[in-house]
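one predicted model, sequence on top.
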Amino acid sequence: MQLQRGFEDPSAFRGGFVSIGNFDGVHRGHQQIVSVLVGHARKAGVPSVVLTFDPHPIALLRPGQVPHSLSTVEHKAELLGRLGVDCVIAYPTDELLLALSPDEFFDQIVRGKLAARGLVEGPNFFFGHDRSGDIATLERLCEQAGLMLEVVHPIQIGDRVISSSAVRARVAEGNIAAAIDLLGHPYQISGRVARGAARGRQLGFPTANLVDVVTQLPPDGVYAGAVRRGERVYPAAVHLGPNATFGEAARKLEVHILDFDGDLYDELLCVDLYDRIRGTIRFSDANELKSQMTRDVERVREIVGRAKNE
């Protein structure tokens, strides 16, 4: 799979089948669209291409209303690649793009830049200036241009449609297990490892302190997660919130990687979250905290071990 930050290498995407959208989180609904996309592309012997946008168009149109991201561009591309997508184009969103009418977007991007053979979209697809083009507009334009268009209906769990908004709501509640049901994969957070106070190491539970996290964070608490290093997956106990036991008020994201000993400073660390273990607690002293952390670690091993076997 190739990730491009624009139309850098036309040989990787021209003449392929294309899906356009934000694909934030690459949830089960997105996966259904991608499955159809990849199927058409492989049958025709052409590239399967996803065109997404970085930043989200709302960041330019309504900066105060930008939804929390569920995935970085790199993780989004990784997930799409696992599904069989050949090329992901993260187009640098700008005012010129947003000013294009639906017809101009179709002519300049879909036909001009991409030379698309066909498109696969969901029924709630909007494009062009002020999102004035909808799926009916796209059907008309594809018919006029002689391009195939398949509209993939959304997936529902019960009476609720799977969407990025629904995933964000579950993460905001701290219900990571429910978010995973919608995503079809663990919820990942990532950040740069910075130096901290080293209290975790002094307690026998060294932690990596993550900063510059761009994806949505759940509420404060302790979470069961996992970190991949090479071919090995390490369970990880993730603490989000202030260190109240030591009188600190600053919110921190700390990751204790089980059975790992190494220098991670300044690395980008990606952590898959599986479930919330408990909320934050102010303990009476360090010994009480250590006792609870020991129980947390055992719970993490149990949850991550079960997830590996599912």
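Good, I have the coordinates. Numbering: from 1, shown residues only.

with adjacent residues omitted, what lies nearest to Ala178?
Arg170 (4.4 Å; CB to CB, 6 or more residues apart in numbering). Every C-beta, even on glycine, is put in place using the N, C-alpha and C of the backbone.

check contacts around the one you found.
Arg170 is in contact with Ile176, Ala178, Ala179, Leu182, counting by CB atoms under 8 Å, 6 or more residues apart in numbering.

swap in 7 Å and give it another go.
Neighbouring residues of Arg170 by CB atoms under 7 Å, 6 or more residues apart in numbering: Ala178, Ala179, Leu182.

kindly report the same for Gly225.
Gly225 neighbours (CB under 7 Å, 6+ apart): Ala236, Val238, Val271, Asp272, Leu273, Tyr274.

equivalent analysis for Arg251, please.
Gly241, Pro242.

how near is it to Phe106?
45 Å (CB to CB, to the nearest Å).

ok, Ile1 - contacts?
Actually, residue 1 is Met. It isn't Ile. Met1 neighbours (CB under 7 Å, 6+ apart): Ala77, Leu80, Gly81, Val85, Asp86, Val88.

low-confidence ranges in this structure?
Residue ranges of the chain with pLDDT under 70: 197-202.

show me where it has strands.
2-4, 17-20, 48-54, 87-92, 118-121, 148-151, 156-157, 160-161, 187-194, 208-211, 221-229, 232-241, 252-257, 268-278 (DSSP state E).

so which of these comes closest to Gly305?
Gly305 lies closest, by CB to CB, to one member of the strands of the chain: strand 232-241, at 7.5 Å.

residues contacting the closest one, please?
Against strand 232-241 from outside (CB under 7 Å, 6+ apart): 217-218, 220-223, 225-227, 251, 253-260, 271, 273, 280, 296-297, 300-301, 304.

now swap in stretch 25-35 and tell me
19, 23, 70-71, 76, 79-80, 83, 85, 120, 122, 152, 154-155, 162-164, 167, 182-184.

please pick the buried ones from those.
19, 23, 70-71, 76, 79-80, 83, 85, 120, 122, 152, 155, 162-164, 167, 182-184 (16 or more other CB atoms under 10 Å).

in helices, which of the residues you listed fall?
Applying DSSP state H to these, the entries found in helices are Lys76, Leu79, Leu80, Ser164, Val167, Leu182, Leu183.

save the residues you listed as TSV, and put in distance to Asp54 too.
Listed next are these as TSV, based on distance: CB to CB, whole Å:
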residue	distance to Asp54
Lys76	9
Leu79	15
Leu80	14
Ser164	15
Val167	19
Leu182	23
Leu183	20
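
and the furthest pair within these?
Longest span within those, CB to CB: Leu80 and Leu182, 17.0 Å.

stretch 60-73: how far from the chain's middle?
Here stretch 60-73 is found 12 Å from its chain centre; the criterion is CA atoms, centre = their mean, to the nearest Å.

how long is it end to end?
Stretch 60-73 has its terminal residues 17 Å apart, counting by CA to CA, to the nearest Å.

list the buried ones in it?
For stretch 60-73, by 16+ other CB under 10 Å, it's Ser69, Leu70, Ser71, Thr72, Val73.

what's around Phe246, how many residues?
12 (other CB atoms under 10 Å).

589 is where my numbering starts, stick with that
Shifting the count to begin at 589 puts that one at Phe834.

ok, Met881 - how many residues close by?
Neighbour tally, Met881, other CB under 10 Å: 19.

number of residues surrounding Thr882?
12.

so what's it up against?
Here Thr882 is in contact with no residue (CB under 7 Å, 6+ apart).
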